[in-house]
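S.K.: This is a predicted model, with the sequence first.
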Amino acid sequence: MDEVLKYFRRVSSIIILLVSSVYAATFLMFPVIAFVEPFYKKLAFNLQAKIASGWFRLVLFVFEVLNGIEVRYYGDEIQEGESIIMMMNHPSEIDWLFSFSIAQRKNALSNIKVLLKNEVRFVPGIGWGCDNLDYIFLTRDWSFDESHIQYKINKYKENECKPWLVIFPEGTDIDDVKLKKSWDFAAKNGYPKFNNVLLPRHKGLHACLEPLRDTIDCVYDLTIGYESKPTILSCISGTNPRYVNIHIKRYSLDEIPKDEDQLQKWLFNRYQEKDEMLQYLKENKTYSVPYRVNKPSISIYASAFLWFYYFIFPLTNLLLMSSYTKVYFFIAFVYHILNSKYEPLRKLRGLQNAVYSKKEKSH
């Protein structure tokens, strides 16, 4: 019976997040795109953030309540009301989702913005939603990405957003193949060698930090670790992780160099510390300092109830019963597919300030 219940929980978790993310993009975000955004861009920007914060709470309900994932916090406490850059190591593809856990506890879910790889924007539901939220999608072509980052940050300023900007200086999640490449690159260039993190690059952090120095309060350095490497599927289904360990260290802006070479050295020092902390975690199942656990708040339970009772169940019934709803859903669904793929449409909406053309690899 226990195995049957576990299987039911895993399948239901996957269905809940997949269906709810698609519904949020099509039934909540699409009307804002169609009827508000063309006339009141700032209002649309803020409405999309509020819509998303409600869905993020449902994600946390699935993660922390339904699947019982325990998030353990170590080190400094992030202060409520701050505008910050959140710098994280990248042990898995799901790390950024746990920034929601921190932000919810500090009433900042509407302010979360994340730098993600460009492929995420094509994912139905959650990718479309992140796109509508003006998350920063990176192509790994710095000639495009640098100006794209500046454009997005200016957009945050224009909309008076106090961002919690999540950035991964490693650029990708770690695995054995990438770690070997990182070692080779470090040896070739005289850089330090790490065993639990990849070599960090300063460009993305520098491009985000400098235009925000006059508006953000500080940078928080987060070191996140698990008992083993989770995937998006194992996280949603509740099989891995069981525990998430997040160490937080606050840095004032005065402590972070403006010069790029000095910033790179500063990053190497921070990642040396991360490497040592993660090695300690690997050997001891905890960091070297006490942790605290903040239980899910009432708002997470309330949000889940509202999503199920007033949104998921009624809309599913409408889709099954109403031809008009089916037509609307089809239009919204197709729009989001086109919006994720068609570069001129993205520029027209203001999701990017230029049309990106993928460069051909030279032979």
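M.R.: The structure has been received and is ready for your questions. On a predicted model such as this, the values are computed, not experimentally measured, just so you know.
S.K.: what about Asp175, how many neighbours?
M.R.: Per other CB atoms under 10 Å, the neighbour tally for Asp175 reads 13. The way it works is simple: take the backbone N, C-alpha and C, and place the C-beta from them, glycine included.
S.K.: wait, Lys295
M.R.: Using other CB under 10 Å: Lys295 sits among 10 other residues.
S.K.: That one and Phe308, how far apart?
M.R.: Separation of Lys295 from Phe308 (CB to CB, to the nearest Å) stands at 21 Å.
S.K.: Same check on Tyr220?
M.R.: 33 Å.
S.K.: for Glu70, same thing?
M.R.: 24 Å.
S.K.: Ala34 now?
M.R.: 26 Å.
S.K.: between these two, who's got more neighbours?
M.R.: Phe308 (15 against 12).
S.K.: pLDDT at the more buried one, what is it?
M.R.: Note on Phe308: pLDDT of 94.
S.K.: Equivalent analysis for Glu360, please.
M.R.: The model's pLDDT for Glu360 equals 57.
S.K.: Could you give the number of residues near Phe330?
M.R.: 11.
S.K.: In which helix or strand does Lys180 reside?
M.R.: Using DSSP states H and E, Lys180 sits in helix 176-189.
S.K.: Spell out which strands sit alongside the longest strand anywhere in the chain in the sheet and which way each one runs.
M.R.: For the chain, the strand with the greatest residue count under DSSP state E is strand 243-252. Applying DSSP bridges, strand 243-252 is found paired with strand 70-75 (parallel), strand 218-225 (antiparallel).
S.K.: could you give me the average pLDDT of it?
M.R.: pLDDT averaged over strand 243-252 gives 98.
S.K.: which is the next helix or strand following that strand?
M.R.: Downstream of strand 243-252 (by DSSP H and E), the next one is helix 260-284.
S.K.: Now the element after that following helix, going C-ward?
M.R.: For helix 260-284, the following helix or strand on the C-terminal side (DSSP H and E) is strand 291-293.
S.K.: Pull the distance from that next one to the chain's centre.
M.R.: 22 Å (CA atoms, centre = their mean, to the nearest Å).
S.K.: Mean confidence (pLDDT) on that strand, please.
M.R.: Strand 291-293 comes out at a mean pLDDT of 97.
S.K.: okay, Met29: pLDDT?
M.R.: 98.
S.K.: burial count for the residue nearest to it when sequence neighbours are not counted?
M.R.: Excluding the flanking residues, the one nearest Met29 by CB to CB, 6 or more residues apart in numbering is Asn132, at 4.9 Å. Counted with other CB under 10 Å, residues neighbouring Asn132 total 28.
S.K.: before we move on, the earlier item: for the longest strand of the chain, which positions count as buried?
M.R.: 243-251 (16 or more other CB atoms under 10 Å).
S.K.: angle of it against helix 260-284?
M.R.: With axes from the mean of the first three to the mean of the last three CA atoms, to 10 degrees applied, the angle from strand 243-252 to helix 260-284 works out at 150 degrees.
S.K.: check contacts around Val19.
M.R.: For Val19, the contact set (CB atoms under 8 Å, 6 or more residues apart in numbering) comprises 312, 316.
S.K.: Roughly how far does Lys326 sit from Asn107?
M.R.: 38 Å.
S.K.: and if you look at Lys117?
M.R.: Counting by CB to CB, the gap from Lys117 to Asn107 is 28 Å.
S.K.: Repeat that for Tyr342.
M.R.: For Tyr342 relative to Asn107 (CB to CB), the value is 36 Å.
S.K.: Then Tyr226?
M.R.: 26 Å.
S.K.: higher neighbour count, those two?
M.R.: Between Tyr226 and Asn107, Tyr226 has the larger neighbour count (other CB under 10 Å), namely 20 against 13.
S.K.: That one reaches Glu93, doesn't it?
M.R.: No: with contacts counted by CB atoms under 8 Å, Tyr226 stays clear of Glu93, the gap being 11.7 Å.
S.K.: send the alpha carbons of stretch 302-311 over as CSV?
M.R.: C-alpha atoms of stretch 302-311 as CSV (Å, rounded to 0.1, in the frame of the first residue of the first chain):
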residue,chain,number,x,y,z
ALA,A,302,-4.1,28.7,1.2
SER,A,303,-2.7,29.2,-2.3
ALA,A,304,-2.8,25.5,-3.0
PHE,A,305,-6.5,25.4,-1.9
LEU,A,306,-7.3,28.4,-4.2
TRP,A,307,-5.5,26.8,-7.1
PHE,A,308,-7.3,23.5,-6.8
TYR,A,309,-10.8,24.6,-5.8
TYR,A,310,-11.2,27.8,-7.9
PHE,A,311,-8.8,27.3,-10.8
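S.K.: how far is that stretch from where the chain is centred?
M.R.: 23 Å.
S.K.: Now that stretch: buried residues?
M.R.: So stretch 302-311, judged by 16+ other CB under 10 Å, has buried residues 303-304, 307, 311.
S.K.: and the gap between Pro147 and Tyr226?
M.R.: Careful, residue 147 is Ser; it's not Pro. Counting by CB to CB, the gap from Ser147 to Tyr226 is 35 Å.
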